[in-house]
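1. Structural data only, the sequence is not supplied:
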C-alpha cells in the first residue's frame with residue numbers, strides 16, 4: 001500500500017496544485033483577452049495577405065517572363081517579326097477608338 005502522507009506533505013501538494021491552477025488560469029486569461037484575440041486575427045490575416053501577395057508576384061513575374069520570351073531572343077535582341085504585328089494591331093485599335101469617339105462627338 002501507499003505510505004501515509006504527513007499534513008505538511010498534503011499542504012505542500014495543495015500549494016503546488018494551487019500554483020499550477022493559477023498559472024493555467026493566467027494562460028487562459030491571456031488567450032481569451034480581446035487584445036490577444038485581435039492580435040492573433042491580425043497575424044493570421046497578415047500571413048494570408050503575404051501568401052496571396054507572394055503568389056500574385058510569382059504569377060505576374062512568370063507572365064512578364066513569358067511575354068518577354070516571346071518578344072526578345074535569348075541574347076536580348078528584339079524579335080521584330082513578332083513585335084511589328086502586335087504594334088500594328090495596337091495602333092489600329094487606338095485609331096479605331098479615336099474615330100469612334102470623333103463620330104460620337106459629331107453626331
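-> In hand now; what should we look at? As the structure is a prediction and not an experimental result, all values here were calculated from the model.

2. Sort out which residues of the longest helix seen in the chain are buried, please.
-> Longest helix of the chain, by residue count under DSSP state H: helix 34-71. Residues of helix 34-71 include none that count as buried (16 or more other C-beta atoms under 10 Å). In short, each C-beta sits where N, CA and C put it, glycine included.

3. and residue 78, what are its phi and psi?
-> phi -70, psi 150 (degrees, to the nearest 10).

4. measure the closest residue to it other than its chain neighbours to residue 86 for me?
-> Of all residues not flanking residue 78 in the chain, residue 72 sits nearest, at 5.9 Å (C-beta to C-beta, 6 or more residues apart in numbering). Noted for residue 72: a distance of 13 Å to residue 86, by C-beta to C-beta, to the nearest Å.

5. Looking at these two, which has the bigger crowd around it?
-> residue 72 (14 against 11; other C-beta atoms under 10 Å).

6. these two touch, right, the more buried one and residue 80?
-> No. Look at residue 72 against residue 80 with C-beta atoms under 8 Å: they stay out of range, at 10.8 Å.

7. Residue 3 belongs to a strand?
-> No. Counting by DSSP: H, G, I helix; E, B strand; the rest coil, residue 3 is not found in a strand; it is coil.

8. Give me the number of neighbouring residues for it.
-> Neighbour count of residue 3, defined by other C-beta under 10 Å: 6.

9. what's the answer for the one 10 residues further on, then?
-> Residue neighbour count, defined by other C-beta under 10 Å, stands at 11 for residue 13.

10. residues contacting it?
-> residue 5 (C-beta atoms under 8 Å, 6 or more residues apart in numbering).

11. distance of residue 31 from residue 44?
-> 15 Å.

12. shaky segments in the protein?
-> Filtered on pLDDT under 70, the chain yields the residue ranges 1-2, 107.
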